[in-house]
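> Sequence and predicted structure, then a few things I'm wondering about:
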Amino acid sequence: MFSIAGVPFESPFALAPLAGYSDLPFRLLCRRYGAGLVFSEMISCHGLVYRQKKTLQMLASCSDEKPVAFQLFGADPVMMGEAAAILNEFSPTFIDINMGCPVRKVTRRGAGSALMKDITLAGKILSAVIANAKVPVTVKTRAGIDSQNLTAPEFARMSEATGAAAITIHGRTWAQGFSGKADWNIVRAVKKIVNIPVIGNGDVETYDQGLSRIEETGCNGIMIGRAALGNPWVFQKKGRPEHLEYILPAVKQHLQLMEEHLDTNRVLAYIRNHTGRYFREFSGSSRIRKSIHDCGSFQILQDLINSLN
């Protein structure tokens with residue numbers, strides 16, 4: 001097992017900061033199913049500094065999910081520093097800085113992957129966050145800008161020298177977005193040149209696959225994103241059950257957590273989306289998914305799931 005800044009993890013597997021998915025209920029579920037560390041979805045530094053309601057709602061947390069990292073994004077060192085100071089009020093275990101999101105609405109403002117083009121600015125942002133944070137600060141980035149500019153090693157050196165407690169490397173470049181394949185050679189290259197923990201990310205779909213990546217690259221941990229949707233068993237060696245009767249308990253747990261922590265009527269479409277992802281690859285799953293997406297209320301959805309016993 002590994003640790004970051006003296007904080008130990010029960011498992012080397014972490015839940016990625018999935019925009020639109022990694023809320024408190026899902027993080028809690030993944031912790032219950034074996035994730036050693038969970039990350040919040042990206043939090044805008046501007047939304048935090050201006051204390052926008054929707055942004056503050058994203059900071060819902062509780063002791064049961066710890067260790068948890070809240071992930072910040074932005075391109076202004078001053079604003080990022082102020083946002084980090086505000087995050088202290090919410091007691092995360094770590095503050096993570098997103099320097100790898102390739103989505104245009106993030107990069108056009110100079111944040112996310114765009115910071116890989118300006119390592120000096122990235123360093124200033126990291127310094128500002130560290131100066132204001134009361135917890136260890138980590139960084140998540142990508143292999144590079146494109147296949148001709150694999151800047152992750154340089155970025156990792158800068159992050160370590162500036163004071164980052166750990167770094168996550170997604171094996172795709174900014175140019176790749178979410179297409180193509182992740183290059184785990186770059187994860188291995190980064191691990192060889194820094195002393196801080198390195199978490200690898202990209203295309204890991206099973207527990208055993210993750211262990212193989214750790215062995216191949218020497219990285220300390222594995223971050224799993226899309227493969228965890230509808231599949232919290234990805235954090236366990238036994239993997240996703242093949243039969244409906246063994247899938248339903250997780251679905252019911254997730255619905256219960258969402259009922260406890262969300263305004264279920266306001267985010268019903270989101271809840272249906274999450275729930276539908278559990279039902280695939282077995283007889284009758286397409287019919288169940290259609291029934292889920294036809295549910296007009298949270299209670300009707302709960303009744304439907306309970307009727308599947």
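Arrived safely.
> from the chain's centre, how far out does the biggest helix by length in the chain sit?
Identified as the longest helix of the chain according to DSSP state H is helix 244-261. Here helix 244-261 is found 20 Å from its chain centre; the criterion is C-alpha atoms, centre = their mean, to the nearest Å.
> Are there helices or strands packed against the next helix-or-strand element following that helix, and which ones?
Remark: after helix 244-261, the chain's next helix or strand is helix 268-276, criterion DSSP states H and E. On a contact count with 3 or more C-beta pairs under 8 Å, 6 or more residues apart in numbering; DSSP states H and E, helix 268-276 meets helix 244-261, helix 285-294, helix 298-307. Backbone N, C-alpha and C define where each C-beta goes, glycine included.
> outside of the longest one, which residues touch it?
Under the criterion C-beta atoms under 8 Å, 6 or more residues apart in numbering, residues 23-26, 28-29, 32-33, 60, 232-233, 240-241, 264, 271, 274-275, 278-279, 282, 284, 298, 301-302, 305-306, 308-309 lie in contact with helix 244-261.
> Could you report the neighbour count for the nearest residue to Gly163 once chain neighbours are set aside?
Counting by C-beta to C-beta, 6 or more residues apart in numbering, Ile130 is the residue found nearest to Gly163 once chain neighbours are left out, at 4.8 Å. Using other C-beta atoms under 10 Å, Ile130 is surrounded by 18 other residues.
> So for the helix or strand in which Ile130 is found, what gets flagged as buried?
Ile130 belongs to helix 119-132 when elements are defined using DSSP H and E. Judged by neighbour count (16 or more other C-beta atoms under 10 Å), helix 119-132 contains these buried residues: Ile119, Ala122, Gly123, Lys124, Ile125, Leu126, Ser127, Ala128, Val129, Ile130, Asn132.
> Adding pLDDT, write the residues you listed out as TSV.
Converted to TSV, those look like this (pLDDT from 0 to 100):
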residue	pLDDT
Ile119	95
Ala122	97
Gly123	98
Lys124	98
Ile125	98
Leu126	98
Ser127	98
Ala128	98
Val129	98
Ile130	98
Asn132	98
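> residue ranges for the helices of the protein, please.
For the chain, the helices defined by DSSP H cover 24-32, 45-49, 53-57, 77-87, 104-107, 119-132, 152-162, 184-193, 207-217, 244-261, 268-276, 285-294, 298-307.
> Could you identify which of those helices is most buried?
helix 24-32 (a mean of 23; mean count of other C-beta atoms under 10 Å).
> where does the residue lying closest to Ser91 once chain neighbours are set aside fall, phi/psi-wise?
Nearest non-adjacent residue to Ser91, counting by C-beta to C-beta, 6+ apart: Ser61, 7.3 Å away. Main-chain torsions, Ser61, degrees, to the nearest 10: phi -150, psi 170.
> Let me know the pLDDT of Ser61.
Predicted confidence (pLDDT) at Ser61: the value is 96.
> quick one: it and Asp23 touch, right?
No. With contact defined as C-beta atoms under 8 Å, Ser61 does not reach Asp23; the gap is 10.2 Å.
> now stretch 271-285, how far from the centre of its chain.
Computed by C-alpha atoms, centre = their mean, the chain-centroid distance of stretch 271-285 equals 21 Å.
> which other residues reach it?
In contact with stretch 271-285 (C-beta under 8 Å, 6+ apart) are residues 21, 26, 229-231, 242-244, 247, 250-251, 254-255, 258, 262, 264, 288-289, 292-293, 295, 298, 301, 305.
> And for stretch 144-156?
Stretch 144-156 has contacts (C-beta under 8 Å, 6+ apart) with 99, 113, 116-117, 119, 122, 139, 141-143, 167, 169, 173-176, 186, 189-190, 193-194, 198.
> Show me this protein divided up by domain.
Following automatic domain parsing, the chain resolves into domains at 3-234, 244-307.
> For the helix holding Ile130, list the C-alpha coordinates in PDB.
The C-alpha trace of helix 119-132 is given here as PDB (Å, rounded to 0.1, in the frame of the first residue of the first chain):
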ATOM      1  CA  ILE A 119       4.900  25.600 -17.200                       C
ATOM      2  CA  THR A 120       5.900  28.900 -15.500                       C
ATOM      3  CA  LEU A 121       2.300  29.800 -15.000                       C
ATOM      4  CA  ALA A 122       1.500  26.300 -13.800                       C
ATOM      5  CA  GLY A 123       4.300  26.600 -11.200                       C
ATOM      6  CA  LYS A 124       2.900  29.900 -10.000                       C
ATOM      7  CA  ILE A 125      -0.500  28.400  -9.600                       C
ATOM      8  CA  LEU A 126       0.900  25.400  -7.700                       C
ATOM      9  CA  SER A 127       2.900  27.700  -5.400                       C
ATOM     10  CA  ALA A 128      -0.200  29.900  -4.700                       C
ATOM     11  CA  VAL A 129      -2.300  26.900  -3.800                       C
ATOM     12  CA  ILE A 130       0.400  25.400  -1.600                       C
ATOM     13  CA  ALA A 131       0.900  28.700   0.200                       C
ATOM     14  CA  ASN A 132      -2.800  28.900   1.100                       C
END
